[in-house]
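1. Got a sequence here, can you model it:
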Amino acid sequence: MKYIHFIAIGGAVMHQLALALQKQGHTITGSDDEINDPAKTNLAKAGILPEKHGWFPEKITPKLDAVVLGMHAKADNPELLEAQKLGIPIYSFPEYVYEVSKNKKRVVIAGSHGKTTITSMVMHILKNQGIDFDYLVGAKVAGFEQSVRLSDAPIIVLEGDEYPASVVEKRPKIFFYHPHISVLSGIAWDHINVFPTYENYLSQFEQYLQGIAKGAPLFYNNEDSEVQKVVASSASHLNAQPYDMPKFHYEDGIAVVETEFGNMEMSVFGRHNLLNMQAAIAVCLELGVSKADCYKAIANFTGAARRLEKLLQQDNLVAYRDFAHAPSKLKATLDAVREGFPKHKLVACFELHTYSSLNEKFLSEYAHSIDASDNAIVYFSHHALELKGLPKLETATVKKYFERDDLIVIDNKTALENTVKELIADRNQPVCLLLMSSGTFDGIDWNAVCSQQN
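-> Numbers count the residues shown, from 1 in each chain. So this is what the prediction gives:
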């Protein structure tokens with residue numbers, strides 16, 4: 001048993017790691033300056049919710065075996081300074097995950113988009129086959145109690161984030177997992193607050209591939225030209241294997257994949273999800289699952305939370321929410337819904353929420369990304385700009401960069417609710433409402449918004 005303290009324990013995945021380690025029998029403590037649900041409820045239920053918000057250097061004592069440092073913590077954090085002063089081992093989140101998985105076969109899903117879905121699909125197939133494994137995934141997945149599991153299992157499946165590990169260790173998280181099997185799902189510029197140029201962002205994936213052990217299997221998206229370039233330049237020492245779009249068609253809105261075992265109906269839809277499926281199957285084949293069993297298992301995979309997740313269906317209206325926030329993710333999600341619901345009026349609502357999306361230097365990347373919808377709304381809040389220390393944005397400025405003349409840009413929550421109500425009011429034609437954000441649209445209750453339509 002170890003004594004482990006978490007600085008910034010309230011993070012979405014940080015608190016999940018804390019819970020997983022507690023289940024293994026370790027003594028866990030933590031601090032944070034703000035903890036919201038679901039972390040607040042989860043930590044309270046486990047008996048490790050900090051009594052007060054804030055940082056308390058007196059919690060850092062010589063009896064600690066390790067400190068796990070979250071990305072949210074700053075360099076002058078008093079608990080971090082105390083741990084450094086006492087010489088207590090300090091780990092970033094990915095460094096500690098590697099520490100507890102050194103003796104496992106590590107599968108890492110990397111790339112700018114599709115990571116969560118591919119990781120979730122691999123988990124779904126392995127569970128279906130009764131294979132014991134640990135995991136770390138960035139969303140709630142149906143059939144799994146938590147998003148981090150640690151045990152004596154011989155395999156661990158890791159969603160590999162390219163964001164910096166911590167304020168002390170600023171290299172990307174994926175650099176620390178040292179995979180035996182990896183996936184590279186796609187590359188599209190993101191996180192401009194950390195990677196100010198596309199070339200700088202691209203180089204992170206080059207370095208990641210270069211750091212993988214010789215001969216390790218790498219499954220890469222052969223539909224992505226940027227991935228092809230990176231693999232060509234940096235993966236000659238790996239067993240690099242491409243995956244491509246499967247043959248498929250739609251029947252009554254259901255994606256049907258044409259396989260060597262016959263046509264198989266899928267519970268998910270959209271080209272990007274079917275491409276993600278190919279990556280997950282490639283990984284599971286490498287882990288010893290037969291192709292027939294892979295297809296059989298994946299057919300009833302319904303998706304990870306907020307990844308084209310059906311929110312409601314009523315009176316000629318269907319609503320989905322998706323985590324899409326980067327331009328490539330936005331376009332892929334819209335294309336999927338447009339393809340899956342060709343006869344519906346598609347109303348797309350996108351929230352600018354991340355640092356990159358709210359930064360005027362990056363907004364030009366969104367040009368024409370929302371064109372696939374019949375009606376398009378972009379929303380942002382001035383409070384989000386203030387929290388991220390960014391200058392004010394004007395609605396006209398946002399509209400200019402999206403390059404769509406009929407785009408509706410809104411910076412007021414009530415106005416957003418009213419606009420959506422108006423656009424989905426006419427049900428003579430079936431309507432699909434698509435809500436895309438890594439945030440919450442300032443807490444709007446979309447069920448309430450939609451249910452008011454009679």
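2. mind checking pLDDT for D252?
-> Predicted confidence (pLDDT) for D252: 75.
3. same deal with F362?
-> Per the predicted model, pLDDT is 87 at F362.
4. Give me the buried positions along the helix or strand containing it.
-> Element membership of F362, judged by DSSP states H and E, is helix 360-363. By neighbour count on 16 or more other Cβ atoms under 10 Å, the buried set for helix 360-363 is F362, L363. For the C-beta atoms, the positions are set from N, CA and C on the backbone; glycine is no exception.
5. quick one: average pLDDT of the helix of greatest length in the chain?
-> For the chain, the helix that runs over the most residues, judged by DSSP state H, is helix 271-286. Helix 271-286 shows a mean pLDDT of 94.
6. so what secondary structure elements neighbour that helix?
-> On a contact count with 3 or more Cβ pairs under 8 Å, 6 or more residues apart in numbering; DSSP states H and E, helix 271-286 meets strand 105-110, helix 115-128, strand 181-184, strand 217-221, strand 239-243, strand 254-259, helix 291-298, helix 327-340.
7. For P94, which of these is the nearest?
-> strand 105-110 (10.1 Å; Cβ to Cβ).
8. contacting residues around that closest one?
-> 115, 118-119, 122, 154-160, 162, 174, 177-185, 205, 208, 279, 283, 287 (Cβ atoms under 8 Å, 6 or more residues apart in numbering).
9. what about dumping the CA coordinates of that strand to PDB?
-> Provided in PDB are the C-alpha atoms of strand 105-110 (Å, rounded to 0.1, in the frame of the first residue of the first chain):
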ATOM      1  CA  LYS A 105       1.000  -4.900 -22.600                       C
ATOM      2  CA  ARG A 106       0.200  -1.300 -23.400                       C
ATOM      3  CA  VAL A 107      -2.100  -0.300 -26.200                       C
ATOM      4  CA  VAL A 108      -2.200   3.500 -27.000                       C
ATOM      5  CA  ILE A 109      -4.700   5.200 -29.200                       C
ATOM      6  CA  ALA A 110      -3.200   8.500 -30.400                       C
END
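10. got the angle for it vs helix 115-128?
-> 150 degrees (axes from the mean of the first three to the mean of the last three Cα atoms, to 10 degrees).
11. Distance from strand 105-110 to the middle of the chain?
-> 15 Å (Cα atoms, centre = their mean, to the nearest Å).
12. in its sheet, what does it sit against?
-> strand 155-159 (parallel), strand 181-184 (parallel) (DSSP bridges).
13. and that strand, what's its mean pLDDT?
-> pLDDT averaged over strand 105-110 gives 98.
14. between the helices and strands packed on helix 271-286, which one is nearest to Q146?
-> Per Cβ to Cβ, nearest to Q146 of those: helix 115-128, 11.6 Å.
15. How far away from the center of its chain is the helix or strand following that closest one?
-> Where DSSP H and E defines the elements, the next helix or strand beyond helix 115-128 is strand 134-136. Offset of strand 134-136 from its chain centre (Cα atoms, centre = their mean): 15 Å.
16. Then stretch 281-299?
-> Using Cα atoms, centre = their mean, the offset of stretch 281-299 from its chain centre is 23 Å.
17. what do you get for stretch 240-254?
-> 22 Å.
18. List the buried residues of that stretch.
-> Here stretch 240-254 shows A240, Y243, P246, F248 as buried, counting by 16+ other Cβ under 10 Å.
19. Which parts of the stretch 351-454 of the chain are helices?
-> 360-363, 382-387, 395-402, 413-423, 446-451 (DSSP state H, counting those that start in this stretch).
20. I'd like the distance between the nearest residue to L275 once chain neighbours are set aside and Y379.
-> Among residues not flanking L275 along the chain, M245 sits closest, at 5.5 Å (Cβ to Cβ, 6 or more residues apart in numbering). With distances taken as Cβ to Cβ, to the nearest Å, M245 is found 32 Å from Y379.
21. Next: V97.
-> Distance of V97 to Y379, computed by Cβ to Cβ: 35 Å.
22. So for the two, which residue has more residues nearby?
-> Counted by other Cβ atoms under 10 Å, V97 and Y379 do not tie: Y379 has more neighbours, with 27 against 24.
23. ok, that one touching E351?
-> Yes. The pair Y379 and E351 qualifies as a contact (Cβ atoms under 8 Å) at a distance of 4.9 Å.
24. got any residues that touch both of those two?
-> What both Y379 and E351 touch, as defined by Cβ under 8 Å, 6+ apart, is the set F441.
25. where does the residue lying closest to F441 once chain neighbours are set aside land on pLDDT?
-> Leaving out its chain neighbours, the residue that sits closest to F441 by Cβ to Cβ, 6+ apart is E351, at 5.3 Å. On the pLDDT scale, E351 is placed at 94.
26. Please list all residues in contact with E351.
-> H325, V378, Y379, F380, M436, S437, S438, G439, F441 are the contacts of E351 under Cβ under 8 Å, 6+ apart.
27. Among the residues you listed, which one lies nearest to Q84?
-> S438 (32.0 Å).
28. So for A73, which of the strands paired with strand 105-110 sits nearest?
-> The nearest among the strands paired with strand 105-110, by Cβ to Cβ, is strand 155-159 at 21.3 Å.
29. From the chain's centroid, how far away is the closest one?
-> 15 Å.
30. between that strand and helix 271-286, what angle do the directions make?
-> Angle, strand 155-159 to helix 271-286, by the same axes, to 10 degrees: 160 degrees.
31. can you redo the helices and strands packed on helix 271-286 as a markdown table with distance to N359?
-> As requested, the helices and strands packed on helix 271-286 are exported to a markdown table (distance: least, Cβ to Cβ, whole Å):
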| stretch | distance to N359 |
| --- | --- |
| strand 105-110 | 24 |
| helix 115-128 | 22 |
| strand 181-184 | 26 |
| strand 217-221 | 27 |
| strand 239-243 | 33 |
| strand 254-259 | 35 |
| helix 291-298 | 37 |
| helix 327-340 | 13 |
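32. between these, which gets nearest to E169?
-> strand 105-110 (17.3 Å).
33. Walk me through the domains of this structure.
-> 3-88, 97-298, 309-451 (automatic domain parsing).
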